[in-house]
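Asker: Any chance you can model this:
(4 chains)
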Protein chains: 2
Amino acid sequence: MNKVTLKIKVLLDEMGKAEKKVAHWILEHPGEILPLSIVELAEKAICSEATIVRFSQHLGFTGYQELKIALARETKSTIVNAHMTAEDSAFEIYEKVCNDIYCSLERTKKVLDADVLQSAADAIMAAGKIIVIGLGNSASVAIDAGHKLLRAGYTAFAYTDNHMQMIAAAHLSPGDVAIGISHSGSSKDVIEAMQTAREHGATTICITNKGKSPIQKHSDLVLYTSSEETQYNILALNSRIAQLSIIDALYFHIVYQQSPKTLSSIEDTESSLKTKKY
Amino acid sequence: MNKVTLKIKVLLDEMGKAEKKVAHWILEHPGEILPLSIVELAEKAICSEATIVRFSQHLGFTGYQELKIALARETKSTIVNAHMTAEDSAFEIYEKVCNDIYCSLERTKKVLDADVLQSAADAIMAAGKIIVIGLGNSASVAIDAGHKLLRAGYTAFAYTDNHMQMIAAAHLSPGDVAIGISHSGSSKDVIEAMQTAREHGATTICITNKGKSPIQKHSDLVLYTSSEETQYNILALNSRIAQLSIIDALYFHIVYQQSPKTLSSIEDTESSLKTKKY
DNA sequence: AAAATTATGAAAAAATTTTTCACTTATATT
DNA sequence: AATATAAGTGAAAAATTTTTTCATAATTTT
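Answerer: Reported below is the predicted structural model:
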């Protein structure tokens, strides 16, 4: 699966009837588009030329030619179907995992609110103390976030134990920040800790999957991920990568904004960690 | 060298002055032709549009467009990381993070050995006990792997403390598996734990970035990631996502291979976790 | 059900590509 | 050396392709 085809699939839902026809024709006739002019493709896909131009632009290209060039560049790569089966080799599974990750990131890009992201970054930068809370599957993401903020010079810590989470939340004060990570947004312990954090005046930020969920009630800022977990969604694998991508973006933004302070802090950390390596 | 460029070189002698200029420009600017219209290329190569059409036809194409498509198909896309700046908004940073992740996954796909991946999956499936070790930045990945394997019904645990890592490694026996995660592959403590694990007969698998590093000496199976960390590479953000993608692939492969056992195990876990949610 | 929004295709406009043709340059012949 | 012939080239015209515009149709919201 290549990037353009993947993008077509990701954006399929948001397309109108005519554009969907174009999308389907292209997906069902891989490679055949290359020698076709826009008029010919319009004939094949049964729509107007204008629709094809709009379709191309929705995918992020300036026009039909650019789409065609992009498809030409990627046609060589073999197309794999998105669903995993028991017959897949480990490597085939790996390729599908990558596809899913990519889909998930693209979807998240759509539901992530730029203003909220900015506000979250601002809140973190202005924060006195930061706690990151996550349980189970989200624990590793919380640890990652905590680790990163700590290394960037913030007073940050991740708690992956429900008791510790509550204790830490209760010790927050106005100006502090609590970041709650939960794919479902309905993990009791995390929600209660968020509520407590807010009651103590902290700004609460949550990272959760798009849709209604109780955690949003207790969050000042909601950062959405979007991952359609088709198979074994129970582990919410892709949402975790989407969560990480948000954490990374916040981290980078902060680093770039506060260059003097954080950069020297990062450099200090790095040089002091050198002794731990061969 | 691709077919079209080769053809251009072969036919170079039979060309006129103006066509030679086109040929040279194309040869000297590989890939740059793709977004150019015939007028723009004529300007660059300092000739008329007609010459370019004739040039294309001499190469055996019906016209300029066909030549461009052919060149596009053979130009391998260069994977480039986008550069972030202090002026980028949080959301722009997010987009670049996503792009970097994608680059990193594509690169990893190239360096990851399918056979080794398969062997790693086999070793894990046959394992008695599994330990996952990672420090600092790789700790969250280790935790994620441990959590996932545990939830899939394996006797697995992640250790993110150098003492515990060594203790756990010393208690392994033949048939057990130690998974070491280190981007640099030169984290002293992780390497020593891997060495100990191996001395006790465990199969050692490491996930590390492509290149020479000490950890590979003590690993039976080496799974490479590849991420060019251009800016603030110290935190190896993207390599971590690549590591996770490998973990995910192993996990899925295992789940699909051992459906009866692991699936029921996953279902059991899920139903027992329901009480933790609203 | 009415209003607003969005999607669509036909046609016009713009851009691109191809062809034509007159002119130049190079080569071969006398 | 002069001339004829052939090949190569660019300007402009013609054809084609692509993009934009706009009126209408379909859809969603109120």
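
Asker: contacting residues for the closest residue to DNA strand D within the stretch 51-200 of chain A?
Answerer: Residue of the stretch 51-200 of chain A nearest DNA strand D, by C-beta to the nearest atom of the strand: residue A:63 (1.8 Å). Where you see a C-beta, it was placed from the backbone N, CA and C, and this is true even at glycine. Counting by C-beta atoms under 8 Å, 6 or more residues apart in numbering or on different chains, residue A:63 makes contact with A:53, A:56, A:57.

Asker: Kindly confirm whether my reading is correct that the second one touches residue A:64.
Answerer: Yes - using C-beta atoms under 8 Å, residue A:56 is in contact with residue A:64, at 4.9 Å.

Asker: Please enumerate the shared neighbours of these two.
Answerer: Joint contacts of residue A:56 and residue A:64 (C-beta under 8 Å, 6+ apart) do not exist.

Asker: Please enumerate the strands of chain A.
Answerer: A:130-134, A:156-159, A:177-181, A:203-209, A:221-225 (DSSP state E).

Asker: re the thing from before, could you identify which of the contacts of residue A:63 has the most neighbours?
Answerer: Each of the contacts of residue A:63 was scored for neighbours by other C-beta atoms under 10 Å in any protein chain shown, and residue A:56 scores highest at 21 neighbours.

Asker: Pull the contacting residues for that residue.
Answerer: Applying C-beta under 8 Å, 6+ apart, the residues near residue A:56 are A:62, A:63, A:64, A:66, A:67.

Asker: Below-threshold pLDDT in the stretch 101-250 of chain A: ranges please.
Answerer: Applying pLDDT under 70 to the stretch 101-250 of chain A flags residues A:228-237.

Asker: Would you state the helices of it in chain order?
Answerer: For the stretch 101-250 of chain A, the helices defined by DSSP state H, counting those that start in this stretch occupy A:114-126, A:139-151, A:162-170, A:188-199, A:237-257.

Asker: So what's the residue count around residue A:32?
Answerer: 13.

Asker: Now do it against residue A:73, distance only.
Answerer: Separation of residue A:32 from residue A:73 (C-beta to C-beta, to the nearest Å) stands at 16 Å.

Asker: next one: residue A:194
Answerer: On the measure of C-beta to C-beta, residue A:194 and residue A:73 end up 46 Å apart.

Asker: Of the two, give the one with the bigger neighbour count.
Answerer: Shown here are residue A:194 and residue A:73; by other C-beta under 10 Å, residue A:194 has more neighbours (29 against 22).

Asker: and the more buried one, how far is that from residue A:185?
Answerer: 10 Å.

Asker: still on that earlier bit, just curious, which of the contacts of residue A:56 is nearest to residue B:257?
Answerer: Distance to residue B:257 across the contacts of residue A:56 (C-beta to C-beta) is lowest for residue A:67, with 39.2 Å.

Asker: How many residues are close by the closest one?
Answerer: 23.

Asker: Surely it and residue A:5 touch.
Answerer: No - assessed by C-beta under 8 Å, residue A:67 is found out of contact with residue A:5, at 11.3 Å.

Asker: For DNA strand C, give me its nearest residue in chain A.
Answerer: For chain A, C-beta to the nearest atom of the strand, closest residue to DNA strand C: residue A:16, 2.2 Å.

Asker: in chain A, which residue is closest to the centre?
Answerer: residue A:242 (2.7 Å; C-alpha atoms, centre = their mean).

Asker: Who are the contact partners of that residue?
Answerer: A:104, A:105, A:107, A:108, A:225, A:226, A:227.

Asker: any idea which of those residues is closest to residue A:189?
Answerer: Among the contacts of residue A:242, and counting by C-beta to C-beta, the member closest to residue A:189 is residue A:225, at 20.0 Å.

Asker: burial of that closest one, as a residue count?
Answerer: With other C-beta under 10 Å as criterion, residue A:225 counts 26.

Asker: How about it: what's its closest non-neighbour residue?
Answerer: residue A:242 (3.7 Å; C-beta to C-beta, 6 or more residues apart in numbering or on different chains).

Asker: Who are the contact partners of the closest residue to residue A:14 other than its chain neighbours?
Answerer: By the measure of C-beta to C-beta, 6+ apart, the closest residue to residue A:14 outside its immediate chain neighbours is residue A:58, 7.7 Å from it. Applying C-beta under 8 Å, 6+ apart, we find residue A:58 in contact with A:11, A:14, A:15, A:19.

Asker: Save the residues you listed as TSV, and put in neighbour count too.
Answerer: As requested, those are exported to TSV (neighbours: other C-beta atoms under 10 Å in any protein chain shown):
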residue	neighbour count
A:11	18
A:14	10
A:15	19
A:19	22
